[in-house]
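S.K.: Could you look at this predicted model? Sequence included:
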Amino acid sequence: MQVATPWRSAARTDPGKVRARNEDAFLASPQQGLWVVADGMGGHQGGDIASKLIVASLADLPVEESFAERLKAVRQCLHWLNRRLGQELTVTAGHHDSIMGSTVVALLVEGNRGACVWAGDSRCYMWRGQRLYQLSKDHSLQQKLIDEQQMSVAQAEAHPAAHALTRAIGAAEQLTLDVLEFEVYPGDVFLLCSDGLYQGVSSDALGNALSLAAPHIALERLFDGALSGSARDNLTAVVVRQ
């Protein structure tokens, strides 16, 4: 079922300046009202396979009748992938002790309803009324230290394992997804991105880019900013607006 959509989007990925392989993947499907960024777990066997599988599986989801059913289908698909990555692929690859995993952040929009679903530290931002809001909350050791140990951001960042993930698709037998549902307003702009992008661009720069009129121009501004820095990780971003 094809549906008319008022949404426009632009997406881009780049290996960055250090890594030979790009383990990020994205989906930009305005006709489905679905956008996704997945960041394969660096250094693990098959991080790029995991991220591509997540994106391909979500792209294949049928457009269900209701928004609630579509959101349920996204969640069920990610739980199924968690089992598949945790069992079949790891064993098939002959690496019984390795993890084949990936972060995921997905944005689903229909009419004035929106939902963000995520596991890991890829993020969803919203630009509304000249303000930037981070809709997702990282599943990382750094965020956990801030929440549970009452550390400052600077203290948590200094921890040697700050960027270790506490959740990801394929990382553990039980997957807990976070879901945020919200009302969509005219003029809202959304950004999905991997940590390689937001770590290299300030919040002000993110907001300035999202205030630009067209998704592809916003994307160009974001990548110019990130690639002018060290860009040690893969970079991926999807910009969505009406």
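M.R.: Received it, and whenever you're ready, just let me know what you need. Quantities reported herein were computed from a predicted structural model and do not represent experimental measurements.

S.K.: show me where this structure has helices.
M.R.: 47-59, 67-84, 90-92, 141-148, 153-157, 195-198, 203-210, 215-227 (DSSP state H).

S.K.: Least confident of the ones you listed, on average?
M.R.: In terms of average pLDDT, helix 90-92 trails the rest of these, at a mean of 52.

S.K.: gap between stretch 221-231 and the chain center?
M.R.: Its chain's C-alpha centre and that of stretch 221-231 lie 18 Å apart, by Cα atoms, centre = their mean, to the nearest Å.

S.K.: which parts of it are buried?
M.R.: For stretch 221-231, burial by neighbour count (16 or more other Cβ atoms under 10 Å) applies to 221-223, 225-226, 231. Yep, even glycine has a C-beta here, placed from its N, CA and C like the rest.

S.K.: got the residue ranges for the strands in the chain?
M.R.: Secondary structure of the chain by DSSP state E: the strands cover 8-14, 24-29, 34-40, 102-110, 113-119, 123-128, 131-134, 178-183, 189-193, 235-241.

S.K.: These into TSV, with extra columns for mean neighbour count, mean pLDDT and distance to Pro62?
M.R.: Supplementary listing: the strands of the chain in TSV, determined by neighbours: other Cβ atoms under 10 Å; pLDDT from 0 to 100; distance: least, Cβ to Cβ, whole Å:
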stretch	mean neighbour count	mean pLDDT	distance to Pro62
strand 8-14	18	97	20
strand 24-29	24	97	12
strand 34-40	29	97	11
strand 102-110	27	97	13
strand 113-119	23	98	17
strand 123-128	22	98	23
strand 131-134	13	98	31
strand 178-183	13	98	20
strand 189-193	26	98	22
strand 235-241	27	97	21
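
S.K.: and of those, who's closest to Leu141?
M.R.: Closest to Leu141 of the strands of the chain is strand 102-110 (Cβ to Cβ; 13.8 Å).

S.K.: Output the contacting helices and strands for that closest one.
M.R.: Contacts defined by 3 or more Cβ pairs under 8 Å, 6 or more residues apart in numbering; DSSP states H and E place strand 102-110 against strand 34-40, helix 47-59, helix 67-84, strand 113-119, strand 123-128, strand 189-193, strand 235-241.

S.K.: who's in contact with the second one?
M.R.: Contacting residues not belonging to helix 47-59 are listed as 21-27, 29, 32, 34, 36, 38-41, 74, 77-78, 80-81, 84-85, 89, 100-102, 104, 106, 169-170 [Cβ atoms under 8 Å, 6 or more residues apart in numbering].

S.K.: 7 Å - rerun?
M.R.: 21-27, 29, 34, 36, 38-41, 74, 77, 81, 85, 100-102, 104, 106, 169-170 (Cβ atoms under 7 Å, 6 or more residues apart in numbering).

S.K.: Cool, thanks, talk later.
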